[in-house]
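Novice: Generate a structure from the sequence data that follows.
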Amino acid sequence: MRVFKIFKASLIAVVLATSVSTMAEAANRGPFSLVTHKGEKVTDESFLGQYMLVVFGYTHCPDVCPTDLQVISEALDMLGKDAGKIQPLFITLDPERDTEKVMAEYVQHFHPKLIGLTGTKSQTKAAADVYRIQKRIYYPLDGDKKDYLLDHSAAIILIGPDGGGLSMFPHGIAPEDIVKDIRSYLK
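Specialist: Residues are numbered from 1 along each chain as shown. Coordinates of the predicted model:
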């Protein structure tokens, strides 16, 4: 078992709710500029006009991130033709390790529509700040400093076509519940 020490002290905003939360107070608007796993530059305006399912995390995440991305993949499959109205995004909180190449290899294990986004430290932090995502880094005391873990906000965020937040789904939600909520907005 590895022992980790806290590198950066910060309060982690963990979603503890067991149901869908309204995000009316969070406009989720603000400038950001990132790069897709295919090397294309995108901004906060690139996805306007589409619904988005947004997850922040990192490719070295042992459990939360792959679970949430699998839930999104299942929800998109359940949506059938309506999945064309949804753009899933996986935004890294670990740009040092999550390069375009690493993101490209990682996202291929999930839904084909999934876009991985990365950038510089300041670019990814700006995107996380827009969505009020927090992270804390844990370095191993007895190993390679490159083998760190991130504790981070864990949620799937549904963003509307105007860029405003619609719903926040907690880690562990069933894909059926995401589909039900999305369908209520698509009507």
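Novice: now the strands for this protein?
Specialist: In the chain, the strands defined using DSSP state E lie at 4-6, 21-22, 33-36, 41-43, 51-57, 86-92, 115-118, 135-140, 149-152, 155-159, 165-170.
Novice: where does this protein have its least confident helix or strand?
Specialist: When each helix and strand of the chain is scored by mean pLDDT, DSSP states H and E, strand 4-6 comes last, with a mean of 26.
Novice: On the pLDDT front, check Ala27 for me.
Specialist: The model reports Ala27 with a pLDDT of 46.
Novice: for Ile72, that is, sorry about that
Specialist: Confidence at Ile72, expressed as pLDDT, is 98.
Novice: Would you check that it makes contact with Ile157?
Specialist: No: the criterion here is CB atoms under 8 Å, and Ile72 misses it with Ile157 at 10.9 Å. For the C-beta atoms, the positions are set from N, CA and C on the backbone; glycine is no exception.
Novice: Find residues that contact each of these two.
Specialist: Here Ile72 and Ile157 have 53, 55 as joint contacts, going by CB atoms under 8 Å, 6 or more residues apart in numbering.
Novice: and the residue positioned nearest the centre of the chain, what is it in contact with?
Specialist: With distances taken as CA atoms, centre = their mean, Val55 lies nearest the centre of the chain, 1.4 Å away. Going by CB under 8 Å, 6+ apart, Val55 touches 65, 68-69, 72, 88-91, 155-157.
Novice: Need the outlier residue of the chain, farthest from its centre.
Specialist: Outermost residue of the chain (CA atoms, centre = their mean): Asp142, 29.7 Å.
Novice: how near is that residue to His152?
Specialist: Distance of Asp142 to His152, given as CB to CB, to the nearest Å: 23 Å.
Novice: got the phi/psi numbers for the residue farthest from the centre of the chain?
Specialist: phi -120, psi 30 (degrees, to the nearest 10).
Novice: Lovely, talk soon.
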